[in-house]
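In: Kindly generate the corresponding structure for this input.
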Amino acid sequence: MKPMGPLPPEFAGQSGTLTIAGTSAEQWAVATPVFVYDVGIVAARVARFRAAFPGIDLHYAIKANPLGQLIARIAPLVDGLDVASGGELEKALNAKPAAAISFAGPGKRDAELTGAIRAGATLNVESEGEAERALRIGGELGIAPRLAVRVNPDVELRGSGMRMGGRPSPFGVDAARAAALVRRIVDAGADWRGFHIYAGSQALDADAIIETQAATLALAARLADEAGEAPPVVNLGGGFGVPYFAGDRSLDIERIGAALAAALDARGGALPACRFAIELGRWLVAEAGVYLTRIVDRKNSQGETFLVTDGGLNHQLAASGNFGTVVRRNYPLALATDVGGASVEEVSVVGPLCTPLDRVGDRVGLPRAEPGDLIAVFLAGAYGASASPAAFLGHPPALEVVAG
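Out: Numbers count the residues shown, from 1 in each chain. Sure, this is the predicted structure:
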């Protein structure tokens, strides 16, 4: 049998019938497949962040889960929303004032720049060319655009699942050129909003995050000195990971928060009157989501048992190991009627698609399961439905429900 990742703490203590936000999985699964998002878990994550990072703004990166109903529930809990497209900007504007929204990502089209400038959102410009287009559009509209400079930092976040600094990158302006771009923005009369510095994501090494945050503070201070302008805001990025796989451990954010507070206390006169923000997506919502899919067939092939379900990689690409994972490993999953039950057989949980890639559980140990039973795939709150090829082979999309 191959190991699975650990269940999120809110579910790890359950036995027997799985409940989500106090309601049984079977009651949520009137139709399947379905994602169920427990906002109570999200609120607990926000409260934990507030306690660990007093005085630091919290932004929700809605790319992790852009469901409108979920954004509406999260928006009052956080200080800002970070978006990465015109479509996400529209959703964010339905939930938060434009001044609390920042727009990052390379390749912003003129229509997207126009929409953000007209609304009053902050654009994290990714290049000198993008900055020039934003300045031109602002001039045509008669609006001073709110512009921050996204910096491609000199350092990368060690141990992160996706490194976004310390190398040639489509993201941000190289640190060596960032101060000159700040001067250009300020001299052009734009409303300069500071720096956005993001070095990586999905990190579970607290020491690596502490090291990266310290380097980010030093870089922001150096760039401010070079530009001769104090930034109103420094977005320190995020990168907080969650434990998906066997052997992963939850991130100690309290230690990270204490180290950041010490670094801020020690900065002296650098970055005066600056607000600091951390943007988080996955860490806030991943463990709040459960994907429920029903077994439609049980079959044996050459001694191996397969549980064939009505959903798979078309809704949960990441759980199938096809979303940035080099070595295929198992997300935590369970038989929804016997959580914590003894494993009596080795099975592979596969979806309905005509591809061998459609496997959400590879030779895992489960209690005996039959057609009609529900399989629960955990850590489904981030990069699930919206990051999966829902139209592939014409199967219906999964339902999404906000609970709690």
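
In: alpha carbons only for contacts and neighbour counts from here, please
Out: OK.

In: show me where the stretch 151-300 of the chain has strands.
Out: 162-163, 173-174, 191-197, 200-201, 233-235, 275-280, 289-301 (DSSP state E, counting those that start in this stretch).

In: wait, what's in contact with G372?
Out: Each residue near G372 by C-alpha atoms under 8 Å, 6 or more residues apart in numbering is listed here: 294-296.

In: circling back: make TSV out of the strands of the stretch 151-300 of the chain and add mean neighbour count.
Out: Below are those laid out as TSV (neighbours: other C-alpha atoms under 10 Å):
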stretch	mean neighbour count
strand 162-163	18
strand 173-174	22
strand 191-197	24
strand 200-201	24
strand 233-235	23
strand 275-280	22
strand 289-301	20
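
In: Tabulate the ones you listed (CSV), appending distance to S343 and mean pLDDT.
Out: Shown next, in CSV, are those (distance: least, C-alpha to C-alpha, whole Å; pLDDT from 0 to 100):
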stretch, distance to S343, mean pLDDT
strand 162-163, 34, 49
strand 173-174, 51, 94
strand 191-197, 45, 97
strand 200-201, 33, 78
strand 233-235, 45, 97
strand 275-280, 35, 97
strand 289-301, 17, 98
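
In: To I253, which of these lies closest?
Out: strand 275-280 (12.1 Å; C-alpha to C-alpha).

In: Tell me who's in contact with F11.
Out: Taking C-alpha under 8 Å, 6+ apart, we find F11 in contact with L18.

In: Offset the numbering so it begins at 424, please.
Out: Sounds good: first residue 424 from here, last item F434.

In: so when I look at it, I'm seeing a helix, right?
Out: Yes: the assignment for F434 by DSSP: H, G, I helix; E, B strand; the rest coil puts it in a helix.

In: sorry, back to before: using CSV, please lay out the strands of the stretch 574-723 of the chain together with distance to P520.
Out: Below are these laid out as CSV (distance: least, C-alpha to C-alpha, whole Å):
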stretch, distance to P520
strand 585-586, 30
strand 596-597, 27
strand 614-620, 16
strand 623-624, 27
strand 656-658, 17
strand 698-703, 17
strand 712-724, 27
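
In: of all those strands, which lies closest to S771?
Out: For the strands of the stretch 574-723 of the chain, proximity to S771 was assessed by C-alpha to C-alpha; strand 712-724 is nearest, at 10.1 Å.

In: Sticking with R541, tell me its helix or strand.
Out: Element membership for R541, per DSSP states H and E: helix 533-542.

In: average model confidence for that helix?
Out: In this model, helix 533-542 carries a mean pLDDT of 98.

In: Next, count neighbours for W706.
Out: W706: 24 surrounding residues under other C-alpha atoms under 10 Å.

In: what's near enough to touch it?
Out: Neighbouring residues of W706 by C-alpha under 8 Å, 6+ apart: 468, 663-665.
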